[in-house]
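Undergrad: here's my sequence, what's the structure:
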Amino acid sequence: MSWTYATLLALLAVLLALSLSPEADSAAVPSSTGTAKDPQGPLKRIFMKEADASNFFRRRSRRGVKSQDEINAEQRQVLAADERKREFHEEKRNEFESYAEEEHDEQDERTRESTEQWREFHYDGMHPPQEYNRQTI
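TA: Here you go, the predicted model:
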């Protein structure tokens, strides 16, 4: 029985919070139909008059000629996007080059260490070390 009381209490709390919130008033449908023709406040910025809307589409159709300002703005956006892409790829290339160089250096170090270990292990003490015992012709 205690869970029913808890559920009822939670539902009452939600109902109270919704009834007191200012969003509930703006989401409610107004009873008068007179305000639908002339929107007030933030709705005025969202909706435009029918004549303005038809002029908007008539002024700029799909095949309409773009102004030079629009062409220049689009070209600047394309150039900026190309520049960002070039910088990104240049950064990635530099990162890969530094990674490859580090890997190459580490491989050279491992090879040098293993060669030194092999020479120390196989050195018999009778002859000078390999690097000083080269045959010259």
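
Undergrad: separation between residue 119 and residue 105?
TA: From residue 119 over to residue 105 the distance is 21 Å, taken as C-beta to C-beta, to the nearest Å. Quick note: C-beta positions are derived from backbone N, CA and C, even for glycine.

Undergrad: residue 120 too?
TA: Computed as C-beta to C-beta, the residue 120 to residue 105 distance reads 23 Å.

Undergrad: got it, and residue 90?
TA: Using C-beta to C-beta, we find residue 90 at a distance of 23 Å from residue 105.

Undergrad: now the one helix or strand residue 106 maps to: mean pLDDT?
TA: Per DSSP states H and E, residue 106 falls inside helix 68-122. The average pLDDT within helix 68-122 is 94.

Undergrad: please name every helix or strand in contact with it.
TA: On a contact count with 3 or more C-beta pairs under 8 Å, 6 or more residues apart in numbering; DSSP states H and E, helix 68-122 meets no helix or strand.

Undergrad: secondary structure element for residue 48?
TA: Using DSSP H and E, no helix or strand contains residue 48.

Undergrad: count of residues packed around residue 3?
TA: By the criterion of other C-beta atoms under 10 Å, residue 3 has 7 neighbours.

Undergrad: tell me which element it is part of?
TA: Going by DSSP H and E, residue 3 is in helix 2-20.

Undergrad: buried sites along that helix?
TA: By neighbour count on 16 or more other C-beta atoms under 10 Å, the buried set for helix 2-20 is empty.

Undergrad: helices and strands around that helix, which ones?
TA: Right, helix 2-20 is packed against no helix or strand by 3+ C-beta pairs under 8 Å, 6+ apart.

Undergrad: then it to PDB, C-alphas only?
TA: Provided in PDB are the C-alpha atoms of helix 2-20 (Å, rounded to 0.1, in the frame of the first residue of the first chain):
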ATOM      1  CA  SER A   2       2.900   2.400   0.600                       C
ATOM      2  CA  TRP A   3       3.900   2.500  -3.100                       C
ATOM      3  CA  THR A   4       0.400   3.700  -4.100                       C
ATOM      4  CA  TYR A   5       0.800   6.600  -1.600                       C
ATOM      5  CA  ALA A   6       4.300   7.400  -3.000                       C
ATOM      6  CA  THR A   7       3.000   7.300  -6.600                       C
ATOM      7  CA  LEU A   8       0.000   9.500  -5.700                       C
ATOM      8  CA  LEU A   9       2.300  12.000  -3.900                       C
ATOM      9  CA  ALA A  10       4.700  12.100  -6.900                       C
ATOM     10  CA  LEU A  11       1.900  12.700  -9.300                       C
ATOM     11  CA  LEU A  12       0.500  15.500  -7.200                       C
ATOM     12  CA  ALA A  13       3.900  17.100  -7.000                       C
ATOM     13  CA  VAL A  14       4.300  17.000 -10.800                       C
ATOM     14  CA  LEU A  15       0.800  18.400 -11.300                       C
ATOM     15  CA  LEU A  16       1.600  21.200  -8.900                       C
ATOM     16  CA  ALA A  17       4.900  22.000 -10.600                       C
ATOM     17  CA  LEU A  18       3.300  22.100 -14.000                       C
ATOM     18  CA  SER A  19       0.400  24.300 -12.900                       C
ATOM     19  CA  LEU A  20       2.800  26.800 -11.400                       C
END
